[in-house]
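> I would like to see how this sequence folds:
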Amino acid sequence: MLLCLIVMVLTVFADQATKLLTLEYLTDAPVKLIPDVLHLTYVENKGAAFGMLADHRWVFIIISTVAIIALVAYLFIKKPKDKLLCISLALIAGGGIGNMIDRVFRGFVVDMIDFTLIDFYVFNVADSAVCIGCGLLILYMILDEIRTKREKTGA
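Numbers count the residues shown, from 1 in each chain. A predicted model of the protein is given here:
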């Protein structure tokens with residue numbers, strides 16, 4: 001359980017720290033870390049994932065709040081023993097909290113990671129945490145299904 005809490009808090013901290021640095025140093029011009037591949041670019045995202053449904057802030061706040069409460073409640077009530085499940089849910093919750101802080105206090109989400117090698121949306125640490133958490137959750141579900149089938153067959 002402590003691991004879940006640490007991952008969640010570190011995710012929120014990393015997200016908010018990078019957003020504060022972005023607001024301080026990136027509002028004037030992008031920084032080309034790897035030219036034509038990876039830039040840091042200040043973007044105000046007023047929508048959901050990848051800027052969809054812009055200007056519906058309250059809808060996202062309500063849906064995100066319900067999802068975050070459900071995830072945190074599950075983590076604290078069920079106290080999953082599997083570390084992969086714990087980490088995946090903590091990353092998703094931490095990312096959700098990070099973006100929720102922006103929506104509530106700024107009215108938009110600060111994005112800054114601009115993968116320019118392909119035409120893709122600008123995103124942030126919280127978005128990355130949610131995506132990585134979802135990927136790990138899918139991995140956990142696959143491994144759990146394999147484990148369950150092996151137990152049933154006695155293999």
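> Which stretches in the chain count as helices?
Along the chain, counting by DSSP state H, helices occupy 2-25, 57-78, 83-105, 125-153.
> Quick check: which of these is buried the most?
helix 83-105 (a mean of 21; mean count of other C-beta atoms under 10 Å). Yep, even glycine has a C-beta here, placed from its N, CA and C like the rest.
> Distance from the chain centre to that helix, please.
Centroid separation for helix 83-105 versus its chain: 5 Å, with C-alpha atoms, centre = their mean, to the nearest Å.
> Can I get it in PDB, CA atoms only?
Taking C-alpha atoms only, helix 83-105 is exported to PDB below (Å, rounded to 0.1, in the frame of the first residue of the first chain):
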ATOM      1  CA  LYS A  83       2.900  -4.700  -7.300                       C
ATOM      2  CA  LEU A  84       2.200  -4.400 -11.000                       C
ATOM      3  CA  LEU A  85      -1.500  -3.800 -10.400                       C
ATOM      4  CA  CYS A  86      -0.700  -1.300  -7.600                       C
ATOM      5  CA  ILE A  87       1.800   0.700  -9.700                       C
ATOM      6  CA  SER A  88      -0.500   0.800 -12.700                       C
ATOM      7  CA  LEU A  89      -3.400   2.100 -10.800                       C
ATOM      8  CA  ALA A  90      -1.300   4.600  -8.800                       C
ATOM      9  CA  LEU A  91       0.200   6.000 -12.100                       C
ATOM     10  CA  ILE A  92      -3.300   6.400 -13.600                       C
ATOM     11  CA  ALA A  93      -4.600   8.100 -10.400                       C
ATOM     12  CA  GLY A  94      -1.500  10.300 -10.000                       C
ATOM     13  CA  GLY A  95      -1.800  11.400 -13.600                       C
ATOM     14  CA  GLY A  96      -5.500  12.100 -13.200                       C
ATOM     15  CA  ILE A  97      -4.800  14.100 -10.100                       C
ATOM     16  CA  GLY A  98      -2.000  16.100 -11.800                       C
ATOM     17  CA  ASN A  99      -4.200  17.100 -14.700                       C
ATOM     18  CA  MET A 100      -7.200  17.800 -12.300                       C
ATOM     19  CA  ILE A 101      -5.100  20.300 -10.400                       C
ATOM     20  CA  ASP A 102      -4.500  22.200 -13.600                       C
ATOM     21  CA  ARG A 103      -8.200  22.100 -14.700                       C
ATOM     22  CA  VAL A 104      -9.400  23.400 -11.300                       C
ATOM     23  CA  PHE A 105      -6.700  26.000 -10.600                       C
END
